[in-house]
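Engineer: Predicted model and sequence follow; I will ask about them next.
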There are 2 protein chains.
Amino acid sequence: MTQNGTLYIISAPSGAGKSSLIQAYLKYHPLYEAQVSISHTTRNKREAEQEGVHYYFIDKPTFLEMIEKDDFLEHAEVFGNYYGTSKNAILNTLASGVDVFLDIDWQGARQIRNKMPSAKSIFILPPSNQELLRRLKGRGQDSDETIDFRMKQAKKEIEHFDEYDYVIINDDFERALSDLKAILRSEKLKTEYQLQNNKSLFTKLLSTEI
Amino acid sequence: MTQNGTLYIISAPSGAGKSSLIQAYLKYHPLYEAQVSISHTTRNKREAEQEGVHYYFIDKPTFLEMIEKDDFLEHAEVFGNYYGTSKNAILNTLASGVDVFLDIDWQGARQIRNKMPSAKSIFILPPSNQELLRRLKGRGQDSDETIDFRMKQAKKEIEHFDEYDYVIINDDFERALSDLKAILRSEKLKTEYQLQNNKSLFTKLLSTEI
């Protein structure tokens, strides 16, 4: 029986709790194996970062070559650095039966949807603007200007929540985590998924043999 | 905030465990209120049955009048008796924010899908033909002929599982129940549902006010 993984696009404004939710889900030992997609980037590796864990660090010519070969599901340039998601890396993981989380903004999400229509997308929202601001301030390491900028960026991201398949409102963390678990579990129960992954069972059930 | 319920069409061959799953779900105190749809019928009330609990018992002229008024989402004649699902009864329940389970065969399911495209449908399968036969025999109250007839009927029902949105394979009861819970929870997280039921939250999140 070949089980195929599902690609989950996850977007959220900064402060919505996206990374914490994904990490908590991965720790929970789901029924179905899952992992976070690892991007390729041309930016310099920071001290705490590890190759193949946080990113695949490559140089700009290599990145441009991969673009030429259409090896990216999506890519973007941010502050002069390139970031991209390798199609082959994702397809191989999915083919091995592992679900993949792709933590990406609404623009990247649009590119993915076009190239992989079977991907499911989830948007995580904060419960209110006050709470979003509190969470952005709560980090206590940024200037008012930075927080104000982040708040504006967050608003721009939030504007696109209705392009996603699912919306989780992260008011209570445990409840939001249960929501995420329910979505991933229910996706495995959709008929098109079951048909693809339980062919032999269905053939037997439809046969006249006991 | 107006919460609208969802109509769930649930079908399964006899012996798949459909009724037990629905009853177990209703006992579990779901996040969202739910109840089983109550049909109208012209057949005689049995001793253990209660009006408005098991069925609404009405006479044939009343039933035919309701057909004329197009008040049934679906109806069927079985062994000379009529059975039907009142559209108004269901719509009122859904409007009060309560989910409704409609326990019905594949033919009724088709009628419902046409009349209420927003309904979600779930098919419950036994894990194997051997297990299905074992469960049908397990009741210990029917002749071989009856069991053989039921097995054939079950097969005819199973043939239509791929017309449903979700498929639950009831191998382990607790797991199947968790599957059902996950489906109902995830349906509330779909963007079209959230948009309909959390309008004021989204308006506030998209406004410039903190």
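Structural biologist: Yes, it's here. Numbers count the residues shown, from 1 in each chain, chains lettered A, B, ... in the order given.
Engineer: residues contacting the residue sitting nearest the centre point of chain A?
Structural biologist: For chain A, the residue nearest the mean C-alpha position is residue A:102 (2.4 Å; Cα atoms, centre = their mean). Residues in contact with residue A:102 (Cβ atoms under 8 Å, 6 or more residues apart in numbering or on different chains) are A:7, A:8, A:9, A:10, A:36, A:37, A:85, A:90, A:108, A:112, A:119. Using the backbone N, CA and C atoms, a C-beta is placed for each residue, glycine as well.
Engineer: 6 Å instead, please
Structural biologist: The contact partners of residue A:102, by Cβ atoms under 6 Å, 6 or more residues apart in numbering or on different chains, come to A:9, A:37.
Engineer: On the three-state scheme, residue A:67 is what?
Structural biologist: Three-state call for residue A:67 (DSSP: H, G, I helix; E, B strand; the rest coil): helix.
Engineer: how many neighbours does it have?
Structural biologist: Neighbourhood size, residue A:67 [other Cβ atoms under 10 Å in any protein chain shown]: 13.
Engineer: Spell out which parts of chain A neighbour chain B.
Structural biologist: By Cβ under 6 Å from any Cβ of the partner chain, the residues of chain A that approach chain B are A:129, A:133, A:158, A:162, A:164, A:166-167, A:179, A:182-183, A:185-186, A:189-191, A:194, A:205, A:210.
Engineer: Same question for the helix or strand that contains residue A:107: list its buried residues.
Structural biologist: In this structure, residue A:107 sits in helix A:106-115 according to DSSP states H and E. Within helix A:106-115, the residues that count as buried by 16 or more other Cβ atoms under 10 Å in any protein chain shown are A:106, A:108, A:109, A:110, A:111, A:112, A:113.
Engineer: gap between the third one and residue B:184?
Structural biologist: By that I understand residue A:109. Counting by Cβ to Cβ, to the nearest Å, the gap from residue A:109 to residue B:184 is 26 Å.
Engineer: Tell me the spatial nearest neighbour of residue A:171, not counting adjacent residues.
Structural biologist: Spatial nearest neighbour of residue A:171, excluding adjacent residues (Cβ to Cβ, 6 or more residues apart in numbering or on different chains): residue A:127 at 3.8 Å.
Engineer: separation between that neighbour and residue B:198?
Structural biologist: In terms of Cβ to Cβ, residue A:127 sits 10 Å off from residue B:198.
Engineer: Residue A:43 too?
Structural biologist: Distance, residue A:43 to residue B:198, by Cβ to Cβ: 37 Å.
Engineer: most residues in a single helix of chain A, which one?
Structural biologist: helix A:173-189 (DSSP state H).
Engineer: tell me what that helix is packed against?
Structural biologist: In this structure, helix A:173-189 packs against helix A:18-27, strand A:166-169, helix B:173-187, with contacts taken as 3 or more Cβ pairs under 6 Å, 6 or more residues apart in numbering or on different chains; DSSP states H and E.
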